[in-house]
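In: Provided below are the primary sequence and the corresponding predicted coordinates.
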Amino acid sequence: MMEDLYPKMICRTHPWPNSVDRAFAHANQTIYVQMQGKSEFLVTGNLKDWERWDRLHEIKVKTLTIGARYDEMDPEDMKKMATLMPNASSFICPTAATSACGTTRPFYFQHLINFLHSV
């Protein structure tokens, strides 16, 4: 099942960029399972009931939410997060998945650097 999901939601290029392969190779499964659980489809870890939408307004520093059209998290939620923080903006990579920084690198970093210059 993951072999079907990951090429659609994690990284949409084939073969995967070296940076994405390295990230998976060095992922700490102990921490991932503790936080997420054993499956991406059913959260059973300590993040199961963790939710902070009602506290986003407390984040006062300049913030950028970055997501992707094919991200595991709904891009509309990422945009909504930015509207709930007083000094936030949002950027969605229109052709990427979760690993947008590895697959749409120039586009991604252009927006990230523009944000950093604005801070």
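Out: Alright, I've got the coordinates.

In: did I read that right, Trp50 in a strand?
Out: No. Counting by DSSP: H, G, I helix; E, B strand; the rest coil, Trp50 falls outside a strand, being coil.

In: what about it, how many neighbours?
Out: Counted with other C-beta atoms under 10 Å, residues neighbouring Trp50 total 9. Placement of C-beta: from N, CA and C, glycine included.

In: Strands along the chain, start to end?
Out: For the chain, applying DSSP state E gives strands covering 63-70, 88-97.

In: distance between stretch 49-58 and the chain's centre?
Out: The chain centre lies 17 Å from the centre of stretch 49-58; the measure is C-alpha atoms, centre = their mean, to the nearest Å.

In: So for that stretch, first residue to last residue, what's the gap.
Out: 20 Å (C-alpha to C-alpha, to the nearest Å).

In: Now do the buried residues in it.
Out: By 16 or more other C-beta atoms under 10 Å, the buried positions in stretch 49-58 come out as Leu56.
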